[in-house]
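[1] fold the following, please.
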Amino acid sequence: MWLVVHLLIITGLSVRVLLRPQRDPASRIAWILFIMALPYVGAVAYLLLGEVRPASASMRQPLPGSSALATPKLEPVCKPVSSGPGQASTSDISQHASAGFAIGSSISGFAPVEGNVGRLLDDSNATIDALVADIDAATEHVHLLFYIWLTDRNGGKVAKAVTRAAERGVTCRVIVDDLGSRSFIRSEYWATMARAGVKLARAQPIGNIFVRILKGRVDVRNHRKIVVIDNRITYCGSQNCADPEFAIKAKYAPWVDAVVRFEGPVARQNQQVFLSDWWGCTREDCSELVAQAVPPSPHGFAAQVIATGPENHYAAMPELFATLMFSARHELVISTPYYVPNAFMQAALCAAARRGVLTTIVLPARNDSWFVGAASRSYYAELLEAGVRIYEYKGGLLHAKTLTVDGETTLVGSANMDRRSFDLNFENNILFVDADLTQAVRGRQTQYIAQSMRVSEADLASWSLAQRLRNSVMAILSPVL
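    Numbering: from 1, shown residues only. I've put the predicted structure just below:
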């Protein structure tokens, strides 16, 4: 009887793994091997971690204007932004850049919009200073969403600015991730904002951990960083609301981020993403905010918000990254803190180098996740063999997620090049075409490279057998973990 039960557990779960939709083949193999090797531990682990079952209604809410996440039971939170005054034709977008925008539209349902201007902010502290200044100047509303909001100097400065705005009558809405910002939620800043009239929401609430586990994976998080002010200003990048010293992981500091401040129609798209998350958390309908006419903006570049989540079509973010890699003709430069690609994206990066594109990737020398750091290094040999230049940043934890193509096109945002961003997290990015702003981002990437050591084949040869085994094992386990 015990043997029958044992075989039923292994067989039943293996069949479930095989039939689960939107599953990477490597992930299927890893889970089945795990279940066979440790049947009972593997069974529990798979039921808790193997399937993404969104627990929050915000995860079922479609982005306005997008059919990809449509759910009959829920009405869209607001109408899509349609072409109109201030949104010029995108016919001037080059053929090489248009492929990335097309993939972006298939993911979020947003078309690229022209008439935007942007500025790459100098560093983390400058970003907070600019944000505080914009909040202090706000006249209508302030919308903020952060995965991590700390109670440090910068976190306190933003909280106080939001409180001041609410006290003078500006409508303020704040979303923080319930896990990433758990200490901030329990702080006096949170209570003070509430007393001032700031509308507060917690994304992906955990509550009772045992009940939460039964409803869905605890590690499905809202990793987005979104700022929208007065329907015309938006910020997009990698920075959380915190000091660069990042007290919760201070030994890796400083955390080095890249954030762009945009003005123009693209702010309305970020507004829709924020309001979709807000509706999911609170059920407050704010559709009137995106129904307002877009102010004329005859000059500026084309940009597009690309927001992803667990219910996007399979491999949405890898498709975007790979499409941008394939579009490169001369140069491709990437910075990311976490590189754990699927096979398709790894092949796209190698192919870029093999066809003569000067291809560079910059990663942190010391990663705050030893597992991710080890898994990343397991891909170095293939990248080097293909001709990809690999740099490891020595000046802190490089947290900036940037990708530039041919000095013209840039992707900036919250998404990492790892399986967590691909499959679990809610992410937000902006893709734009502008030579001047792209050159600013490219200059920042050059600064990263200047503070990095280039990885060579000799470096890989110097790794011990134990190091190579560890890296390979972590890469194999990455689809499971």
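
[2] all strands for the stretch 251-400 of the chain, in order.
    255-256, 259-263, 301-308, 331-335, 358-364, 389-393, 397-398 (DSSP state E, counting those that start in this stretch).

[3] who does the last one touch, helix- and strand-wise?
    Identification of packing neighbours for strand 397-398 by 3 or more CB pairs under 8 Å, 6 or more residues apart in numbering; DSSP states H and E yields strand 255-256, strand 358-364. The C-beta positions use only the backbone N, C-alpha and C, and glycine is treated the same way.

[4] got CSV for the strands of the stretch 251-400 of the chain, with distance to residue 283 and mean neighbour count too?
    Listed next are those as CSV, based on distance: least, CB to CB, whole Å; neighbours: other CB atoms under 10 Å:
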stretch, distance to residue 283, mean neighbour count
strand 255-256, 34, 24
strand 259-263, 29, 23
strand 301-308, 20, 28
strand 331-335, 38, 24
strand 358-364, 40, 23
strand 389-393, 43, 21
strand 397-398, 37, 26
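
[5] bridging residues for residue 144?
    residue 174, residue 227 (DSSP bridges).

[6] how close does it get to residue 152?
    16 Å (CB to CB, to the nearest Å).

[7] likewise residue 432?
    31 Å.

[8] higher neighbour count, these two?
    Neighbours were tallied for residue 432 and for residue 152 using other CB atoms under 10 Å; the higher tally belongs to residue 432 (26 against 17).

[9] just list whatever residues bridge to that one.
    What pairs with residue 432, by the bridge criterion (DSSP bridges), is residue 303, residue 410.

[10] and the pLDDT for it?
    We have a pLDDT of 97 for residue 432.

[11] OK, contacts around it?
    116, 118, 266, 301, 302, 303, 304, 409, 410, 438 (CB atoms under 8 Å, 6 or more residues apart in numbering).

[12] I'd like to know which of the strands of the stretch 251-400 of the chain is closest to residue 157.
    Closest approach to residue 157 among the strands of the stretch 251-400 of the chain (CB to CB): strand 259-263, 15.2 Å.

[13] now that closest one and strand 301-308, what's the angle there?
    120 degrees (axes from the mean of the first three to the mean of the last three CA atoms, to 10 degrees).

[14] mind checking which of the strands of the stretch 251-400 of the chain is nearest residue 274?
    Using CB to CB, those put strand 301-308 closest to residue 274, at 9.7 Å.

[15] could you pull out the strands for the stretch 51-200 of the chain?
    113-120, 141-146, 171-177, 199-203.

[16] what pairs with the longest one, parallel or antiparallel?
    Looking back up the chat, that one is strand 113-120. By DSSP bridges, strand 113-120 pairs with strand 259-263 (antiparallel), strand 301-308 (antiparallel).

[17] before we move on, back to that, now tabulate the helices and strands packed on strand 397-398 in CSV and tack on mean pLDDT and distance to residue 315.
    Shown next, in CSV, are these (pLDDT from 0 to 100; distance: least, CB to CB, whole Å):
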stretch, mean pLDDT, distance to residue 315
strand 255-256, 97, 28
strand 358-364, 98, 20
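
[18] CSV for those strands, including distance to residue 322?
    Supplementary listing: the helices and strands packed on strand 397-398 in CSV, determined by distance: least, CB to CB, whole Å:
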stretch, distance to residue 322
strand 255-256, 25
strand 358-364, 13
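
[19] for the ones you listed, which one sits closest to residue 28?
    Of all the helices and strands packed on strand 397-398, strand 358-364 sits nearest to residue 28, with 27.7 Å by CB to CB.

[20] apart from its chain neighbours, what residue comes closest to the residue nearest the centre of the chain?
    Nearest to the geometric centre of the chain sits residue 415, at 2.4 Å (CA atoms, centre = their mean). Nearest non-adjacent residue to residue 415, counting by CB to CB, 6 or more residues apart in numbering: residue 427, 3.9 Å away.

[21] three-state assignment of the one you found?
    The local conformation at residue 427, judged by DSSP: H, G, I helix; E, B strand; the rest coil, is strand.

[22] beta partners of it?
    residue 308.

[23] quick one: contacts for it?
    223, 224, 307, 308, 309, 317, 413, 414, 415, 421.
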